[in-house]
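>>> Fold the following and give me the result.
(chains A, B, C and D)
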2 protein chains.
Amino acid sequence: MSKVLVVDDEPALVRALAINLRAHGWEVVTAADGRSALEAAATERPDVVVLDLGLPDLDGTEVIAGLRGWTKVPIVVLSARQHGEDKVEALDLGADDYVTKPFAMNELMARLRAAVRRGEESGPEQTEVAVGDLVIDLARKRVSRGGSDVRLTPTEWSFLELLARNLGRLVPREQILREVWGPAYAHETHYLRVYAAQLRRKLEADPAHPVHLVTSPGLGYTLEP
Amino acid sequence: MSKVLVVDDEPALVRALAINLRAHGWEVVTAADGRSALEAAATERPDVVVLDLGLPDLDGTEVIAGLRGWTKVPIVVLSARQHGEDKVEALDLGADDYVTKPFAMNELMARLRAAVRRGEESGPEQTEVAVGDLVIDLARKRVSRGGSDVRLTPTEWSFLELLARNLGRLVPREQILREVWGPAYAHETHYLRVYAAQLRRKLEADPAHPVHLVTSPGLGYTLEP
DNA sequence: GCGGGGCGTCAGGGAACCGTCAAGACGTCC
DNA sequence: GGACGTCTTGACGGTTCCCTGACGCCCCGC
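As a prediction, this is how the structure comes out:
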């Protein structure tokens, strides 16, 4: 799910946009003026920004410049001004796209998708988790121990991946069962014991005294860093 | 100086565009139909493509798909159709921007500058993937092994191309089936086995013990660097 | 001391998956 | 119409994986 920051001083438009975007699976953050927009961009780290040029405090171009000072997040400018040099100026300052009001909702969303797609390409994602002598590569779906690969079955991998994505946090038994085996298996706690044992045999130095894959009796399992 | 490829079947428009762009410091290459556009993109390697959707031979969407198969070059679509789903479709297929005729020259150039700027960020792209003794040329859609060309069928190529574009990453079975055969075939896992075997026979030194085209049972396939 | 619940371990049979070969269906080009 | 290359589909053997049941251990309360 991608996150979008909507910046506009018109509450009605912001609300309408937010509802529509959320209905299509976006995570939405909003800001009503330039200053809070810059702040929200820094703290929320959205995947794309929708920016109205007519803000009460800062000029829209200042917001673009403020963002471009430290981030390459795609910016889609929204403006009522149909003609003129505004488009040229905004684009040359670093905006990625320019949509004039009134606009079609599906077109705006298509442009947002295009902007996010480009943003993802340039950003190399972090997909490796290191735990002691283990390296868990979430992209390749592979585990290596002391440099050499360890063969995991699909179910074992699914189990380990879930724990790795919650590194250091306790994952409840039912959540593991639901996400690995499906909702119907939420109480088959025996599966957990079998597969935890198999993983330990493959990943732990001393399977009888696990260091990384730790059991919390009655609660769940944790992958300890 | 940036290079732009202008694709349009209307000679007058092409000439007007070319003159204007050259006057502003662009290097301009032109093509009048889809086929020559794809060829010109491969040989000239422009920094950005201006593409009219109404071409005589290919559908505009096919041209976009043909380009996106091997390059991330920014595409700015030019179209007379003001409304409708065309915009959404083109953008979702991989176009970067969409400008409707009639358009202001300075706006188009500003959008081209924005597109080129983004393209430069992601760095020079590679269209050749080298894997052991194999060389996969994504632009020319050719594979060579130890210097001599290997003949692939369209389906085999499509399979290999997908893996090459995700070099070193595990590509899930359903994604391969969807992108090569279409959404309706997402569970025909038998196809995967047949075509993986064919590719191995053509590309691997010892097809029974593959080094490059590796299976992850129950998950998918990986092209190993 | 005794019983019970939760956990870890082990092993076997059925099911799923993979690789392989080959024959028929389909479309295209001469 | 025939030859060719390509795609689809079926069958088979070998391997791996998943589920399941049985057993022992430990901790805890009675």
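
>>> near chain B, which residues of chain A show up?
Taking Cβ under 8 Å from any Cβ of the partner chain as the criterion, the neighbours of chain B within chain A are A:72, A:83, A:85, A:87-88, A:91-92, A:94-98, A:104, A:106-107, A:109-111, A:113-114, A:117-118, A:121-122, A:139-142, A:153-154, A:157. For glycine as for every other residue, the C-beta is placed from the backbone atoms N, C-alpha and C.

>>> Go again with 6 Å.
A:87-88, A:91-92, A:106-107, A:110, A:114, A:122, A:139-141, A:154 (Cβ under 6 Å from any Cβ of the partner chain).

>>> State the distance from the closest residue to residue A:5 other than its chain neighbours to residue B:31.
Counting by Cβ to Cβ, 6 or more residues apart in numbering or on different chains, residue A:5 lies nearest to residue A:46, which is 3.9 Å off, once chain neighbours are set aside. Plainly put, residue A:46 is 38 Å away from residue B:31 if you go by Cβ to Cβ, to the nearest Å.

>>> you'd agree the residue nearest to residue A:5 is in a helix?
No - the assignment for residue A:46, made by DSSP: H, G, I helix; E, B strand; the rest coil, is coil rather than a helix.

>>> which residues sit in contact with it?
The neighbourhood of residue A:46, defined by Cβ atoms under 6 Å, 6 or more residues apart in numbering or on different chains, consists of A:3-5.

>>> So it versus DNA strand D, what's the distance?
Spatial separation of residue A:46 from DNA strand D under the definition Cβ to the nearest atom of the strand, to the nearest Å is 37 Å.

>>> Residue A:119 too?
The spacing between residue A:119 and DNA strand D, counted by Cβ to the nearest atom of the strand, is 34 Å.

>>> residue contacts, the nearest residue to that residue once chain neighbours are set aside?
Excluding its sequence neighbours, the residue lying closest to residue A:119 (Cβ to Cβ, 6+ apart) is residue A:74, at 4.9 Å. Residues near residue A:74 by Cβ under 6 Å, 6+ apart: A:48, A:96, A:115, A:119.

>>> Run through chain A and note the low-pLDDT ranges.
Judged against pLDDT under 70, the low-scoring parts of chain A cover residues A:83-84, A:121-126.

>>> Just the strands from it, written as ranges.
If you assign secondary structure with DSSP state E, the strands in chain A sit at A:3-7, A:27-31, A:48-52, A:75-79, A:97-100, A:128-131, A:134-137, A:142-145, A:148-150, A:170-172, A:213-216, A:220-223.

>>> Out of these, which one sits most buried?
Per residue and on average, the most neighbours among the strands of chain A fall to strand A:48-52, with a mean of 25 (mean count of other Cβ atoms under 10 Å in any protein chain shown).

>>> All the helices of chain A, residue numbers only.
The residue ranges that make up the helices of chain A, judged by DSSP state H, are A:11-23, A:34-44, A:60-68, A:86-93, A:105-122, A:154-165, A:173-181, A:189-203.

>>> could those helices be laid out in a markdown table, adding mean neighbour count?
Putting those into a markdown table (neighbours: other Cβ atoms under 10 Å in any protein chain shown) gives the following:
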| stretch | mean neighbour count |
| --- | --- |
| helix A:11-23 | 14 |
| helix A:34-44 | 17 |
| helix A:60-68 | 19 |
| helix A:86-93 | 20 |
| helix A:105-122 | 19 |
| helix A:154-165 | 19 |
| helix A:173-181 | 18 |
| helix A:189-203 | 16 |
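
>>> could you dump these to a markdown table with distance to residue A:221?
Compiled in a markdown table, those are given as follows (distance: least, Cβ to Cβ, whole Å):
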| stretch | distance to residue A:221 |
| --- | --- |
| helix A:11-23 | 33 |
| helix A:34-44 | 31 |
| helix A:60-68 | 42 |
| helix A:86-93 | 51 |
| helix A:105-122 | 32 |
| helix A:154-165 | 6 |
| helix A:173-181 | 7 |
| helix A:189-203 | 6 |
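
>>> Nearest to residue A:212, out of these?
Evaluated over these, closeness to residue A:212 peaks at helix A:189-203, with 6.7 Å, by Cβ to Cβ.
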